[in-house]
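Novice: Would you be able to build a 3D model of this:
(2 chains)
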Amino acid sequence: MSDKDTQPLTGKDLARKPRGFPDKREGLIHAQAKLVETVTGIYRKWGFEALETGAFEYADALGKFLPDDDRPNAGVFAIQDDDEQWMSLRYDLTAPLARFIAEAGQTVGRPFRRYAAGPVWRNEKPGPGRFREFWQCDADTVGAPGFHADAEMIAMGAEALRAVGMETGEFVIRVNTRRLLNGVLESVGAASADTRLAILRALDKLDRLGASGVADLLGKGRLDDSGDFTKGAGLGDAEVKAVLAFAEAGAKTRAETLANLSKAAGNSEEGKAGLAELEAIAVALEALGAPEGDVVIDPSVVRGLEYYTGPVYEAELLREVTGEDGKTYRIGSIGGGGRYDDLVARFTGETVPATGFSVGISRLASALAIMGETVKLDGPVVVLNLDKDSPAVALEIATMLRRAGLRAEAYMGGSGMKGQMKYADRRGAPAVVMVGSNEIEAGTVTIKDLEMGAMKAKAIQSNEEYREARPGQIEVPRDQMVEAVRRIVEAQG
RNA sequence: GCCGCCUUAGCUCAGUUGGUUAGAGCGCUGGUUUGUGGAACCAGAGGUCCUCCGUUCAAACCGGAGAGGCGGUACCA
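Specialist: Predicted coordinates for the structure are as follows:
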């Protein structure tokens, strides 16, 4: 940026990582893979099929904006193709789907029910649980005009979150509709786009700032803890009250909320239509068996994406996230979605009603990681290399184990036995196999069950006794090695 | 983007109101134990004290700028 730090970095300074692009290791990768497998499994069960698109889309296909100066827009990562056209990394999985539908035309039947999982990129400020590269797992129904399709997305989303381990009270899916919001905006006479936007943004913060904070934002403005002043929407007291009454209409049950809303939503056409949408969704949710605790109607839900045209839903993690450092972290939204009836029409002019739900895989995984709920490492069986001058024995043993379908490696490092045991321990190896001169002479191998060894060692008091005991260790003839190792691995599950 | 706080060993942190060779715990490496991780004891190796510029006889410490981190706020298709 400035001209004085143009000196090239050297040495360790070179090894930097851009913020928000996480390095992921064994534990996290497997946790994420498992989440993806579980969630897509639910989507498949509900009758969705796989469809994936590429990482880049033309910038104008992704959104309404056009290239201005150097970059099309902050918020996305964009580069120019060799023909100078702007391409952007996708910021979600929905906009590329709309492009695909427009392009594929009649070659896909309607309704088209698809799921997809993959990384998306947003050029925003990262934080704990907030990344610039992160995974989403989406399901969408294209060509579905009825609100029961939205209800299906919501109920399926709740099922997916339960499948990844969320229990009653640990998450909630809050449902609203844009049309109800439009009705409220109309009823308070919010005409300008700026004012409407300011009101929606204020509403969206109800859960975080509370009624008084939102009231400030709806009115004159709000001074936050850091001393920063946020300009308000400029509504009068009566209007602020009306909007707040609407936003706080949420009640314990969906039926109660709907009853409250019918009073607070005003008489506009949009408001009535919105109420009808939510009523239809509520009926369908009953039929789908979605528990009241999992899915609530909450008129303060807005969601940022501009392409939503009707119902919107947001899945929030309620479970307290406390790290091993004792700090609590606010993870917030772990998924959401909504109806986007006009997204395909941008390309073809043909209105294609569609609705979708997305699970924030990276958020979920980092919430689990912060809580210390990482999956147990399941490393390979490690064959120790005791005679470093002739590693062939270790290679041979490892090959036997692999041919039998077991995950195994011969030690490749340069350390002594103690170091090799430490290595196996750190890798999460279920067992090590040792073949030294004693074993070669006797035609046997020594197998150590590391898990059992650890367990037995707990009962041992003195260091000498520990050295003597060789806990969890057995010696078997070489031709029984594979089965003995297999028993140990399987016993550990 | 704006505001505040922070940056010393691999990690968590001490540190002298500016004064020689910058410390601890954990971890790591080696040994006690030709060949035994998670236990014990002994020893050892790790540092441009975030970077650059300035003040000073002297800067890890003071001043300025920058980078990175954390938190808040804004933005978030």
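Novice: Quick check, central residue of chain A?
Specialist: Here the mean C-alpha position of chain A is nearest to the C-alpha of A:I361 (Cα atoms, centre = their mean), at a distance of 1.7 Å.
Novice: give the contact list for that one.
Specialist: Residues in contact with A:I361 (Cβ atoms under 8 Å, 6 or more residues apart in numbering) are A:32, A:35-36, A:39, A:117, A:134-137. Placement of C-beta: from N, CA and C, glycine included.
Novice: and RNA strand B, which of the residues you listed contact it?
Specialist: Checked against RNA strand B using Cβ under 7 Å from any atom of the strand, the contacts of A:I361 give no members in range.
Novice: what's the most distant pair in those?
Specialist: Maximum pairwise distance among these (Cβ to Cβ): 14.3 Å, between A:V39 and A:F134.
Novice: Looking at those two, which one has more neighbours?
Specialist: In this view A:V39 and A:F134 are compared by other Cβ atoms under 10 Å, and A:V39 has more residues nearby, 29 against 22.
Novice: That one: helix or strand, and which one exactly?
Specialist: A:V39 belongs to helix A:26-45 when assigned by DSSP states H and E.
Novice: What mean pLDDT does that helix get?
Specialist: Averaging pLDDT along helix A:26-45 gives 92.
Novice: Skipping adjacent residues, who's closest to the residue of the stretch 251-400 of chain A found nearest RNA strand B in space?
Specialist: Residue nearest to RNA strand B within the stretch 251-400 of chain A (Cβ to the nearest atom of the strand): A:G304, separated by 1.3 Å. Once flanking residues are discounted, A:G304 sits nearest to A:D204: 7.6 Å by Cβ to Cβ, 6 or more residues apart in numbering.
Novice: Test my guess that that neighbour contacts A:L305.
Specialist: No - using Cβ atoms under 8 Å, A:D204 makes no contact with A:L305, being 11.9 Å away.
Novice: These two: who's more crowded?
Specialist: Neighbour tally, A:D204 and A:L305, criterion other Cβ under 10 Å: the higher count belongs to A:D204, 19 against 16.
Novice: Could you measure from that one over to A:V485?
Specialist: Using Cβ to Cβ, to the nearest Å, we find A:D204 at a distance of 56 Å from A:V485.
Novice: which residues touch stretch A:330-340?
Specialist: For stretch A:330-340, the surrounding residues in contact (Cβ under 8 Å, 6+ apart) are A:94, A:98, A:129, A:138, A:150, A:153, A:157, A:161, A:171, A:173, A:178, A:303, A:305, A:307-317, A:321, A:353-360, A:363-364, A:366-367, A:370.
Novice: one step back: out of the contacts of A:I361, who has the most neighbours?
Specialist: Ranked by the number of neighbours (other Cβ under 10 Å), those place A:V39 first, at 29 neighbours.
Novice: Now do the contacts for it.
Specialist: A:V39 sits next to A:117, A:137, A:160, A:163-164, A:359, A:361 when contact means Cβ under 8 Å, 6+ apart.
Novice: and of those, the nearest to RNA strand B?
Specialist: For the contacts of A:V39, the residue nearest RNA strand B by Cβ to the nearest atom of the strand is A:V359; the value is 15.8 Å.
Novice: Check the secondary structure at the closest one for me.
Specialist: Three-state call for A:V359 (DSSP: H, G, I helix; E, B strand; the rest coil): strand.
Novice: and what of A:S415?
Specialist: Assignment for A:S415 (three-state DSSP): coil.
Novice: Could you pull up phi and psi at it?
Specialist: phi -80, psi 170 (degrees, to the nearest 10).
Novice: For it, which non-adjacent residue is closest in space?
Specialist: Nearest residue to A:S415, sequence neighbours excluded (Cβ to Cβ, 6+ apart): A:Y423, at 7.0 Å.
Novice: looking at it, the one you found is touching A:G416, isn't it?
Specialist: No - in this structure A:Y423 lies outside contact range of A:G416 using Cβ under 8 Å: 10.8 Å.
Novice: Which one of the two is surrounded by more residues?
Specialist: Legend: neighbour count by other Cβ under 10 Å for A:Y423 and A:G416, higher for A:Y423 (18 against 11).
Novice: what's the first-to-last distance across stretch A:104-120?
Specialist: 22 Å (Cα to Cα, to the nearest Å).
Novice: now do the same end-to-end measure for stretch A:388-408.
Specialist: Per Cα to Cα, stretch A:388-408 runs 18 Å from first to last residue.
Novice: Contact residues of the stretch 301-450 of chain A facing RNA strand B?
Specialist: A:303-307, A:329-330, A:386, A:415-419, A:421-422, A:424-425, A:434, A:436-439, A:446, A:448, A:450.
Novice: If we use 6 Å, what do you get?
Specialist: Selection of the stretch 301-450 of chain A residues close to RNA strand B by Cβ under 6 Å from any atom of the strand yields A:304-307, A:330, A:415-419, A:421-422, A:425, A:434, A:436-439, A:446, A:448, A:450.
Novice: Can you flag which of these belong to helices?
Specialist: When helices are assigned by DSSP state H, the members of these inside them are A:417-419, A:421-422, A:425, A:437-439, A:450.
Novice: Could you pull up the contacting residues of the residue lying closest to A:R407 once chain neighbours are set aside?
Specialist: Residue nearest to A:R407 in three dimensions, not counting chain neighbours: A:P380, with 4.3 Å by Cβ to Cβ, 6+ apart. Listed by Cβ under 8 Å, 6+ apart, the contact set of A:P380 reads A:407-409, A:427, A:429.
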